[in-house]
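Just need the structure, nothing else, for what follows:
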Amino acid sequence: MGKKVEFPSNGHTCQGYFAAPAGGQGPGVVVIQEWWGLVEHIQDVVDRFAAEGFTAIAPDLYHGQTTKSPDEAGRLPIELDAERATREIIAAGQYLLQQPECSSTKYGVVGFCMGGALAQYAGTKDPDNVGAIVSFYGGFKQVQPEWEKFQGAALLIYGEKDKGVPAEKGRELEAKLQKLGKNATVVIYPDADHAFFNDTRPPYKPDAAADAWRRTLELFRQQL
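Purely as a prediction, here's the structure:
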């Protein structure tokens, strides 16, 4: 359904995977990869958004690199320039808003693991244009969102069994955001582990993944 596209950022050309709804137009959503890179699973998520009526793009933050090795996947985020990656996420959002297939004036950002944290960060770096973020078990120590600047709605999703990105962190963040007067909701799935949404790997939890997907679509339809 989707296709590879190029868009400008940081004075050079970036690549991404783009898909639009068959019916024509839809709200814009930027999809941020896990630490594996822009793999088929992330491309499939973009296609799934298009099938639900959204115009979506996943920027290639590793610039062509992908991996199936957990060791290499642990190294690649450490080597990633988080500020550069965030500028590319924002540039991907701006690219979406300029496309004739995009019907919204703001874009949403959804990310997984490392990408979840980058989604949070992008929401605070481009507050005028990000209408909503969804962060699946977002954890990445290289970014510290300035939540005071955030203007959209946030859905924070965690698995109770996740020891890498503990659900308690989500509860703390929800309380912090609500204290700041932000629109934030945390959802914690009792029997889910880290990466439960990824249907290509063993932690996949179909019931939790389906409910999280429903909530994600609902938020973006309401806010974009």
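
got the contact list for the lowest-mean-pLDDT helix or strand in the chain?
Across the helices and strands of the chain, mean pLDDT, DSSP states H and E gives its lowest value to helix 70-79, namely a mean of 90. Applying CB atoms under 8 Å, 6 or more residues apart in numbering, the contact partners of helix 70-79 are 34-37, 62, 65, 67, 114, 140, 142. The way it works is simple: take the backbone N, C-alpha and C, and place the C-beta from them, glycine included.

could you redo the last one with a cut-off of 7 Å?
35-36, 62, 65, 67, 114, 140 (CB atoms under 7 Å, 6 or more residues apart in numbering).

Which of those fall in helices?
Within the contacts of helix 70-79, residues falling in helices by DSSP state H are M114.

Using neighbour counts, trim the contacts of helix 70-79 to the buried set.
35-36, 62, 67, 114, 140 (16 or more other CB atoms under 10 Å).

quick one: A153 from L177, how far?
10 Å (CB to CB, to the nearest Å).

returning to that earlier point: relative to R171, which of the buried ones among the contacts of helix 70-79 is nearest.
F140 (18.7 Å; CB to CB).

how about the nearest residue to F197, chain neighbours excluded?
A209 (4.7 Å; CB to CB, 6 or more residues apart in numbering).

cool, and A117?
Nearest non-adjacent residue to A117 (CB to CB, 6+ apart): F140, at 3.5 Å.

cool, Q65 as well?
Here the residue nearest Q65, using CB to CB, 6+ apart, is G37, at 5.6 Å.

So that neighbour sits against T66, correct?
Yes - using CB atoms under 7 Å, G37 is in contact with T66, at 3.5 Å.

So for the two, which residue has more residues nearby?
G37 (19 against 16; other CB atoms under 10 Å).

what about the more buried one, distance to P127?
In terms of CB to CB, G37 sits 28 Å off from P127.
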